[in-house]
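Asker: Sequence plus the predicted model coming up.
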Amino acid sequence: MGTAFGLMFVIIALEFALGLAMLGRLGVRLSRPMTLALSVISGMFIHSLLLFVTQLANIPISVSSVVLSALVGVVALHLPPKQLVAYYADFVRAPRWTLTMYDVVALGIGAYLLYISVWATYYWPVTPFDAMAGIDLVAKAAVKEGTLNCSIYRDPILAGHLSNQPFYAPFAMLQQVITRSIGFPFGQVWLAVLSISFYTFMFAFLRERVHPFIADVLWIFFIMIPELYGYTLLMQTDFANAVYYSIGGILMIMAIEQKKTTLLWASTLFLAGAAWSRSESFLLIGIMLLAMLPWLLRTWTLRQVVRWFVVTGSIVIAVFALWHVLWFRLYLPVRPDTAAEVIGFDPVRFASVTGLMFENVLSDVGYWGMTFYGFVAIVVVDAIYTLLKRLRWSIALPAMWILVTFVVLLIVGTIFASAVVDQTLRRGLFKILPFIYMLIAGTTILQLASRRLHRWISGGAQ
Amino acid sequence: MSTGQPSFFSAKGLILALALLLSFLLVLNMEPDHNVYSKWHEKRIRIYYDVLDKYNARLRPDQRMLERHKYTYQIVQWISQRLLPTDTLMLPPAEYVMNFYPDAYWVDQRIFYYFCGPIPTVMYGDSLRARSANVFVLFQPEGGISIHRKGGRTNVDSILTVYRNERSNKRPTD
């Protein structure tokens, strides 16, 4: 097991190097903790893509191919290295200590809560039915046989019984292949790396929106969302997808607010990760990009927006097609019958799905803690408070991501027979949770509290 | 938002740190019967902290499988170890298994394959391949489990009748 941990350390270092180099190439300059977290998260996505490319080239899966695929990527991204040298110099400059005692308390609480999640990803075997019938069923066989085009897809025992799980978007499955290949008997430790990186990102991000003390409180409540926490240790596609999708959205919002094209391109990278981690995401991303057009056009010229739109759309579709078209059609002996899943849009079913979503899912505090009730309460109070004021972008943009994502989820639940409200849509809500906390942090009430806290701490008058 | 930040050690920083810690403890302990955070913490965090030593003493993969999947792991292991290379196992209907155990996810062909590898199986209700099955599973009310081969002492039709009755009792529309 010592070897597995050693190799995991190498893999994380290589993925970090991949992500940092990519962010450097894109010219993304963010705070150090955010850069650190985003480097690991984007590196995991790029590494899984590279590993998939080795499979397209018929290179067998092994420890060597897992490590070398990342290493080759790191080297390739550093050619030529000139642009990255200055970027790295900025990154490694002596850190400025901005943490206070309450931040350390918050980090301590976060560590206390997340330790169990990290331990569980290492200790427990894979548990969710969908993962045992799909993601890990394929990964386990792929590692044993050295190919993703493994016997699962052609064994007569399973013929006609595969359903859609073994055909899920490949990110989680490829991460399982990586961690199983290097010696973890159940894989899964990648999930801990992803969740710790994501919570680190949220910690740093919320501090940029609101006073660090309030950000700490929001961050702890964010970790304590029961359902989201559960999927930091239960392997499914939804948590990883929510991570990439929400970071893509957050970076796009930051790009618009700060008028930074580099952040817009960074959002492209993460949205591509979302399309790589869950099949229907490419549709959701397409609709979300259209919904963001008015704000994009107010920030950049039509030509710039069209260019970004076309490139981003093409990358997202290409990533989707790599697995769902190229791999399915040219490599796999069988394909899922997706068309049979689509039952068309029926207003009655839509109403039923919407009703169930509110009745069985959103209103259940057992899943979400006080997130939704608190969100509604604070937004209502905030709306009354700012009744006559113009809606600020810090509210409007995350609200747009929440609303559009929610409506698209309801439509997905309506038109896909296999999308069950209590399961598929419930986990689909993970995608909007970071935007909810972002919006709460941006409300006038918390911004006012934030300014008062700043004044109180710096000793100024109220 | 680093402007106006206090230094690490400050009286106001200490007040906020204590307020944060006390609030957290309050959220976890206030009205534990009606508090979602308290229930979540008990069931998902504290319960594992209490038994970490016990679990960490059992690190072998098979021990961890048994800890997590419990009787499901025992059942599939028990059955798979008793099958011959020429056997095809009929996986019983979930309705039948759930008379004896709360979960029956192992009767899905993919899950049985996940646990045991490429052992020939047929799901109950697979009309195309049902005839190829030659091994059947029965559970005893007192907790035992047995496998029966076609042509053996137990009449296979009677086992299938038990399966069929259980499914039709629980699924009136089938």
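Answerer: Now that the structure is in, tell me what you want to look at. Residues are numbered from 1 along each chain as shown, chains lettered A, B, ... in the order given.
Asker: Skip ahead from whichever helix in chain B runs longest and say which helix or strand is next.
Answerer: The residue-count maximum for a helix in chain B (DSSP state H) belongs to helix B:61-82. Using DSSP states H and E, the helix or strand that directly follows helix B:61-82 along the chain is strand B:89-91.
Asker: Now find how far off-centre that following strand is within its chain.
Answerer: 19 Å (Cα atoms, centre = their mean, to the nearest Å).
Asker: going on from it, what's the next piece of helix or strand?
Answerer: helix B:94-97.
Asker: how about that following helix as CSV, C-alpha atoms only?
Answerer: This file holds the C-alpha atoms of helix B:94-97, laid out as CSV (Å, rounded to 0.1, in the frame of the first residue of the first chain):
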residue,chain,number,x,y,z
ALA,B,94,-35.3,-9.6,-5.4
GLU,B,95,-38.8,-10.0,-3.9
TYR,B,96,-37.9,-13.5,-2.8
VAL,B,97,-34.5,-12.5,-1.3
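Asker: Show me what it is packed against.
Answerer: Helix B:94-97 sits against helix B:156-170, with contacts defined as 3 or more Cβ pairs under 8 Å, 6 or more residues apart in numbering or on different chains; DSSP states H and E. C-betas here are computed from N, CA, C, even on glycine.
Asker: Show me what the helix it packs on is packed up against.
Answerer: Applying 3+ Cβ pairs under 8 Å, 6+ apart, one finds that helix B:156-170 contacts helix B:94-97, strand B:135-139.
Asker: Which one of the ones you listed lies nearest to residue B:32?
Answerer: Nearest to residue B:32 among these is helix B:94-97 (35.4 Å), distances taken as Cβ to Cβ.
Asker: Neighbours of residue 136, how many?
Answerer: No chain was given, so I picked chain A. 27 (other Cβ atoms under 10 Å in any protein chain shown).
Asker: my bad, chain B
Answerer: Neighbours of residue B:136 under the rule other Cβ under 10 Å: 23.
Asker: what's it in contact with, if anything?
Answerer: Residue B:136 makes contacts with B:89-90, B:92, B:147-150, B:154, B:156, B:159-160, as judged by Cβ atoms under 8 Å, 6 or more residues apart in numbering or on different chains.
Asker: Apply 10 Å and report the result again.
Answerer: Listed by Cβ atoms under 10 Å, 6 or more residues apart in numbering or on different chains, the contact set of residue B:136 reads B:89-92, B:124, B:146-150, B:152, B:154, B:156, B:158-160, B:162-163.
Asker: What parts of the stretch 301-450 of chain A come near chain B?
Answerer: A:364-370, A:450 (Cβ under 10 Å from any Cβ of the partner chain).
Asker: which residues does the residue nearest to residue B:159 when sequence neighbours are not counted bridge with?
Answerer: Computed as Cβ to Cβ, 6 or more residues apart in numbering or on different chains, the closest residue to residue B:159 that is not its neighbour in sequence is residue B:136, at 4.6 Å. On the basis of DSSP bridges, residue B:136 is bridged to residue B:148.
Asker: I'd like to know how far residue B:136 sits from chain A.
Answerer: Using Cβ to the nearest Cβ, to the nearest Å, one gets 17 Å for the distance from residue B:136 to chain A.
Asker: Please tell me how far that residue sits from residue B:121.
Answerer: Residue B:136 sits 12 Å away from residue B:121, going by Cβ to Cβ, to the nearest Å.
Asker: Next, show the common contact partners of these two.
Answerer: B:89-91.
Asker: got the residues of the stretch 1-150 of chain A near chain B?
Answerer: A:1, A:31, A:96-106, A:108-109, A:112-117, A:119-120, A:122-127, A:129, A:131-134, A:136-137, A:140-141, A:144.
Asker: out of those residues, which are buried?
Answerer: Taking 16 or more other Cβ atoms under 10 Å in any protein chain shown as the criterion, what is buried in the residues of the stretch 1-150 of chain A next to chain B is A:100-103, A:105-106, A:109, A:113-114, A:116-117, A:119-120, A:122-127, A:129, A:131-134, A:136-137, A:140-141.
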